[in-house]
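**Q** here you go, sequence then predicted model.
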Amino acid sequence: MSQDLVYSISRIRFDETYRPADQTRATTNFANLARGEQRQDNLRNAVTMIDNRFNALADWDNPTGDRYSVELQIISAEMRIGDDAAFPLIEILQPTVLDRKTGSRIAGIVGNNFSSYVRDYDFSIVLPQHNAGQGGFTAPEGFGDLHGNLFKCFLNSAAFRENFHKPPVICLSVSSSRTYQRTDNRHPVLGVEYRQDAFSPTDRYFEKMGLRVRYFMPKGSVAPLAFYASGDLPNDYSALELIGTIATMETFQRIYRPEIYNANSAAGAVYRPSLTHQDYSPTRITYDREERGRLAVQQGKFAQDHFITPYRDILDRWSAQYAA
């Protein structure tokens with residue numbers, strides 16, 4: 001069955017001229033910025049923030065703080081079942097670092113942002129239906145199994161191996177439902193490590209994708225970031241590769257969750273993030289968080305109607321065989 005699942009990859013540049021493709025999820029971080037009257041200002045300011053953060057972290061041999069710039073590509077992975085039409089499965093990002101001093105270009109880590117129609121279906125359709133009328137909150141048996149197997153199959157595909165030489169790292173916000181404890185472990189780039197009191201639903205979901213989470217707060221940051229990786233995060237990647245991911249995703253989080261990542265005071269030894277925190281500085285970039293929540297439900301329904309329901313029997317059989 002696995003030979004009937006064929007992945008293909010396309011790329012589009014993310015810069016101030018970016019316009020989302022028709023199949024791009026509207027809730028995707030980068031697509032959300034590229035709408036409305038302020039779209040070009042949004043995009044230009046976001047790119048500038050990424051460059052500034054990169055240079056602040058890569059400060060050696062960089063006396064004027066402008067040695068590097070970051071170019072971003074949106075990586076779209078489509079999956080085709082047999083001869084049927086392709087379905088837009090995943091969107092991730094890859095930075096490329098331009099060293100203005102040497103003229104060299106350094107490929108960054110693929111991953112960063114993680115966008116998935118099937119994840120929208122799981123969290124916006126499956127979970128609410130399962131918990132409707134219940135007093136508590138639980139996940140149904142096998143929750144996330146199909147998505148996890150599809151992701152692992154993508155990483156093992158010829159399309160991924162031909163385009164990328166290292167496994168992905170996904171970088172997300174910490175959970176506002178968890179408490180984080182600062183440790184004594186420090187990394188020269190990732191910063192100080194935090195540990196959470198319990199795994200969040202997102203942590204468990206990504207674990208089924210073969211990704212383990214660690215939390216680090218880089219130098220100059222005010223809150224830890226959640227890094228999901230399959231290998232040895234601190235040692236498998238170079239300093240500039242890690243900085244590319246931090247600069248990119250911390251910028252997006254400062255825009256989307258300023259209460260946490262643009263707070264006016266840094267996380268302490270014991271940290272409980274909150275989206276109701278008032279002591280923060282908003283960015284000059286327009287973002288409608290409420291709209292994003294509404295669109296997640298619409299896109300979960302799209303995945304249900306165009307992927308899950310029509311191919312349910314095929315996908316269930318394939319997933320069981322892949323897991324075995």
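**A** That came through fine.

**Q** all contacts plus neighbour counts: C-alpha atoms, from now on.
**A** Noted.

**Q** residues in contact with the helix or strand in which residue 97 is found?
**A** In the assignment (DSSP states H and E), residue 97 maps to strand 87-99. By CA atoms under 8 Å, 6 or more residues apart in numbering, the residues outside strand 87-99 that reach it are 23-24, 67-80, 104-118, 240, 244-245, 248, 307.

**Q** which of those residues are buried?
**A** 24, 67-80, 107-118, 240, 244-245, 248, 307 (16 or more other CA atoms under 10 Å).

**Q** how about the helices in the stretch 151-300 of the chain?
**A** Secondary structure of the stretch 151-300 of the chain, counting by DSSP state H, counting those that start in this stretch: helices at 158-163, 201-207, 233-236, 239-256, 258-261, 289-303.

**Q** export those helices to CSV and tack on mean pLDDT and distance to residue 222?
**A** Shown next, in CSV, are those (pLDDT from 0 to 100; distance: least, CA to CA, whole Å):
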stretch, mean pLDDT, distance to residue 222
helix 158-163, 95, 34
helix 201-207, 94, 21
helix 233-236, 96, 20
helix 239-256, 95, 10
helix 258-261, 95, 6
helix 289-303, 78, 21
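
**Q** export the ones you listed to JSON lines and tack on distance to residue 142?
**A** Formatted as JSON lines, the helices of the stretch 151-300 of the chain follow (distance: least, CA to CA, whole Å):
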{"stretch": "helix 158-163", "distance to residue 142": "26"}
{"stretch": "helix 201-207", "distance to residue 142": "10"}
{"stretch": "helix 233-236", "distance to residue 142": "28"}
{"stretch": "helix 239-256", "distance to residue 142": "30"}
{"stretch": "helix 258-261", "distance to residue 142": "32"}
{"stretch": "helix 289-303", "distance to residue 142": "18"}
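
**Q** so which of those helices comes closest to residue 319?
**A** helix 201-207 (15.6 Å; CA to CA).

**Q** and the strands in this structure?
**A** Secondary structure of the chain (DSSP state E): strands at 5-14, 68-81, 87-99, 105-107, 111-116, 169-173, 180-187, 191-196, 212-217, 225-229, 270-271.

**Q** next, format these as JSON lines and append distance to residue 322 and mean pLDDT.
**A** Listed next are the strands of the chain as JSON lines, based on distance: least, CA to CA, whole Å; pLDDT from 0 to 100:
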{"stretch": "strand 5-14", "distance to residue 322": "11", "mean pLDDT": "89"}
{"stretch": "strand 68-81", "distance to residue 322": "15", "mean pLDDT": "93"}
{"stretch": "strand 87-99", "distance to residue 322": "17", "mean pLDDT": "94"}
{"stretch": "strand 105-107", "distance to residue 322": "31", "mean pLDDT": "96"}
{"stretch": "strand 111-116", "distance to residue 322": "20", "mean pLDDT": "91"}
{"stretch": "strand 169-173", "distance to residue 322": "23", "mean pLDDT": "96"}
{"stretch": "strand 180-187", "distance to residue 322": "35", "mean pLDDT": "98"}
{"stretch": "strand 191-196", "distance to residue 322": "31", "mean pLDDT": "97"}
{"stretch": "strand 212-217", "distance to residue 322": "20", "mean pLDDT": "98"}
{"stretch": "strand 225-229", "distance to residue 322": "21", "mean pLDDT": "98"}
{"stretch": "strand 270-271", "distance to residue 322": "39", "mean pLDDT": "98"}
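
**Q** closest to residue 130 out of the ones you listed?
**A** Nearest of the strands of the chain (CA to CA): strand 111-116, 20.3 Å.

**Q** now distance to residue 126 too, for the strands of the chain, in CSV please.
**A** Converted to CSV, the strands of the chain look like this (distance: least, CA to CA, whole Å):
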stretch, distance to residue 126
strand 5-14, 24
strand 68-81, 22
strand 87-99, 17
strand 105-107, 37
strand 111-116, 15
strand 169-173, 22
strand 180-187, 28
strand 191-196, 26
strand 212-217, 23
strand 225-229, 23
strand 270-271, 31
